[in-house]
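Asker: 3D, please:
(6 chains)
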There are 6 protein chains.
Amino acid sequence: MPNITVEIFEGRTLDQRRQFVEGITEAAVKAFGIDPEGVRITFFEIGRQDLARGGRLFSDKAAPASTGEKP
Amino acid sequence: MPNITVEIFEGRTLDQRRQFVEGITEAAVKAFGIDPEGVRITFFEIGRQDLARGGRLFSDKAAPASTGEKP
Amino acid sequence: MPNITVEIFEGRTLDQRRQFVEGITEAAVKAFGIDPEGVRITFFEIGRQDLARGGRLFSDKAAPASTGEKP
Amino acid sequence: MPNITVEIFEGRTLDQRRQFVEGITEAAVKAFGIDPEGVRITFFEIGRQDLARGGRLFSDKAAPASTGEKP
Amino acid sequence: MPNITVEIFEGRTLDQRRQFVEGITEAAVKAFGIDPEGVRITFFEIGRQDLARGGRLFSDKAAPASTGEKP
Amino acid sequence: MPNITVEIFEGRTLDQRRQFVEGITEAAVKAFGIDPEGVRITFFEIGRQDLARGGRLFSDKAAPASTGEKP
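Answerer: The predicted model follows:
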């Protein structure tokens, strides 16, 4: 533990994943004082047609500014 | 996005959660270049009788060293 | 199918659940033309200390206006 | 909130999703009196070889009548 | 792997869990030829008011015969 | 019930799934005394680039011995 599931939009690179996984693991070790090997992370890729908010699919919304995604 | 689900053992303090949430959000902003408000995290507390590995419930195993949990 | 999981904040009443379950089931029957018995819904209650956005737990944020929750 | 996950069989059209997303969001607004923007929905597509009931994969069962799916 | 999540109705005993965990782990070892320590299982308890099918909460349905639950 | 989600590595055969589904269902019937039709299982395939432990993606780790996977 912790067991962490991460839903991210399709299109992120492997290097972004690597950087994020290192950051999460470090944060878990600092916060819970546990062995990094205890931190388990699973990614699920989500397409914009798979996510909706306010009754509309994200694929039907104008593309948000790259740093402004708040889905 | 990302939408993150964190399963943690019962007994972690609110401050540990606060520290972990800050760390994950920072890691996501660095890795994906997104707005912190886009980072959504949900905690689910898990009891030792709720988790099993190797055919045995963790509540039936000797308590692991606090930093040695690799469930 | 569909199999639907609903995370809702603690404190909703059984009647609110009943109304929501009827609404979702009706929406599924209309959209997919399936038997209502095929629509399966599971609720998970989430406390404000279990959810975070923008690096902060919702329990540490001022209570949003009842109709303004966008976590 | 609510945060809703919908597992549906592969093959549904985008229009069916759009109709279902509108219906769920409307049902949530009516039942919980919340802002439609607070209703978050994520779809996961499931193949018939991914689902089993009664010890058998759905891909190994005769195709159910289109309106009779109760998996 | 595999990582297995089991949603069960409230009220099952620890011994039933132990028996089920042993059975799942054995089944995984036989089917995938893996180390039992690789089989990870997490239980989530579900109340009858948390589950719905056919537009009705299970808590509002007559209690099914103990061996006839097909929720 | 039970409703079971199984995350497995990509590459398992349909026959392995069939054998595992039979084994899980049998284990549930024995442990909980329920109707096999009440046992619902959903598979999610996970790639080695989707899973991480100890701060590293499994796709970046040497391939574990086929029977030694403990992710």
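Asker: Residue numbers of chain A in contact with chain D?
Answerer: A:7, A:44, A:46, A:49-57, A:59-60, A:71 (CB under 8 Å from any CB of the partner chain). Using the backbone N, CA and C atoms, a C-beta is placed for each residue, glycine as well.
Asker: Correct me if wrong: A:P71 contacts A:D50.
Answerer: No. Counting by CB atoms under 8 Å, A:D50 is not a contact partner of A:P71; they are 10.4 Å apart.
Asker: tell me, how many neighbours does A:S59 end up with?
Answerer: When neighbours are defined as other CB atoms under 10 Å in any protein chain shown, A:S59 has 15 of them.
Asker: What segments of chain A are helices?
Answerer: Ranges of helices in chain A, per DSSP state H, are A:14-32.
Asker: What parts of chain A come near chain B?
Answerer: A:1-9, A:12, A:16-17, A:19-20, A:22-24, A:26-28, A:30-35, A:37-38, A:46, A:51, A:66-71.
Asker: which of those count as buried?
Answerer: When those are checked for burial by 16 or more other CB atoms under 10 Å in any protein chain shown, the buried set is A:1-9, A:12, A:16-17, A:19-20, A:22-24, A:26-28, A:31-32, A:34-35, A:38, A:46, A:51, A:69-71.
Asker: so which of these also contact chain F?
Answerer: Okay, of those touching chain F (CB under 8 Å from any CB), that's A:17, A:22, A:26.
Asker: what sits against the nearest residue to the second one once chain neighbours are set aside?
Answerer: Counting by CB to CB, 6 or more residues apart in numbering or on different chains, F:G55 is the residue found nearest to A:E22 once chain neighbours are left out, at 4.9 Å. Listed by CB atoms under 8 Å, 6 or more residues apart in numbering or on different chains, the contact partners of F:G55 are A:21-22, A:25-26, A:36, A:39.
Asker: One more pass at 6 Å, please.
Answerer: Taking CB atoms under 6 Å, 6 or more residues apart in numbering or on different chains, we find F:G55 in contact with A:21-22, A:25, A:36.
Asker: Excluding chain neighbours, give the residue nearest to A:A28 in space.
Answerer: A:V39 (4.6 Å).
Asker: now the strands for chain A?
Answerer: Secondary structure of chain A (DSSP state E): strands at A:3-9, A:40-46, A:51-53, A:56-57.
Asker: near chain C, anything from the shortest one?
Answerer: No. Interface with chain C: strand A:56-57 contributes nothing (CB under 6 Å from any CB of the partner chain), its closest point being 12.8 Å away.
Asker: tally of neighbours for A:F43?
Answerer: When neighbours are defined as other CB under 10 Å, A:F43 has 22 of them.
Asker: Contacts only, for it.
Answerer: The neighbourhood of A:F43, defined by CB under 6 Å, 6+ apart, consists of A:6, F:50.
Asker: I'd like the strands of chain A as CSV, with mean pLDDT appended.
Answerer: What follows is these, written out as CSV (pLDDT from 0 to 100):
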stretch, mean pLDDT
strand A:3-9, 98
strand A:40-46, 98
strand A:51-53, 98
strand A:56-57, 98
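Asker: Who does A:F9 form a beta bridge with?
Answerer: Applying DSSP bridges to A:F9 gives these bridge partners: A:I46.
Asker: Just confirm it contacts B:N3, I think it does.
Answerer: No. In this structure A:F9 lies outside contact range of B:N3 using CB atoms under 6 Å: 10.0 Å.
Asker: any low-confidence regions in chain A?
Answerer: Across chain A, the ranges flagged by pLDDT under 70 are A:63-70.
Asker: what's the neighbour count on whichever residue of chain A sits closest to chain F?
Answerer: The minimum distance from chain A to chain F, using CB to the nearest CB, falls at A:T25 (3.8 Å). A:T25: 26 surrounding residues under other CB under 10 Å.
Asker: And the contacts of F:G55, which is closest to chain D?
Answerer: A:V21 (21.3 Å).
Asker: so who does that closest one touch?
Answerer: Neighbours of A:V21 in contact, by CB under 6 Å, 6+ apart: A:41, F:52, F:55.
Asker: Look at the closest residue to it other than its chain neighbours and say how many residues are nearby.
Answerer: With CB to CB, 6+ apart as the measure, F:A52 is the residue that lies nearest to A:V21, at 4.3 Å, once sequence neighbours are left out. F:A52: 28 surrounding residues under other CB under 10 Å.
Asker: Tell me the bridge partners for F:A52.
Answerer: Judged by DSSP bridges, the bridge partners of F:A52 are A:I41, F:L57.
Asker: Next one: it from chain D, what distance?
Answerer: 21 Å (CB to the nearest CB, to the nearest Å).
Asker: pretty sure that residue contacts A:I41?
Answerer: Yes. Using CB under 6 Å, F:A52 makes contact with A:I41 at a distance of 4.3 Å.
Asker: Test my guess that A:P36 contacts A:T25.
Answerer: Yes. Counting by CB under 6 Å, A:P36 does reach A:T25; the two are 5.1 Å apart.
Asker: give me the residue from chain A nearest chain D.
Answerer: A:G55 (3.7 Å).
Asker: Any idea how far apart the tips of stretch A:34-47 sit?
Answerer: Taking CA to CA, to the nearest Å, the span from the opening residue of stretch A:34-47 to its closing residue is 34 Å.
Asker: and that stretch, how far out from the chain's middle?
Answerer: Going by CA atoms, centre = their mean, to the nearest Å, the spacing between the C-alpha centre of stretch A:34-47 and its chain's C-alpha centre is 10 Å.
Asker: ok, now stretch A:11-28?
Answerer: Worked out by CA atoms, centre = their mean, stretch A:11-28 lies 9 Å from the chain centre.
Asker: Then stretch A:11-30?
Answerer: Worked out by CA atoms, centre = their mean, stretch A:11-30 lies 9 Å from the chain centre.
Asker: which ones are touching A:S59?
Answerer: Contacts for A:S59 (CB under 6 Å, 6+ apart) come out as A:48-49.
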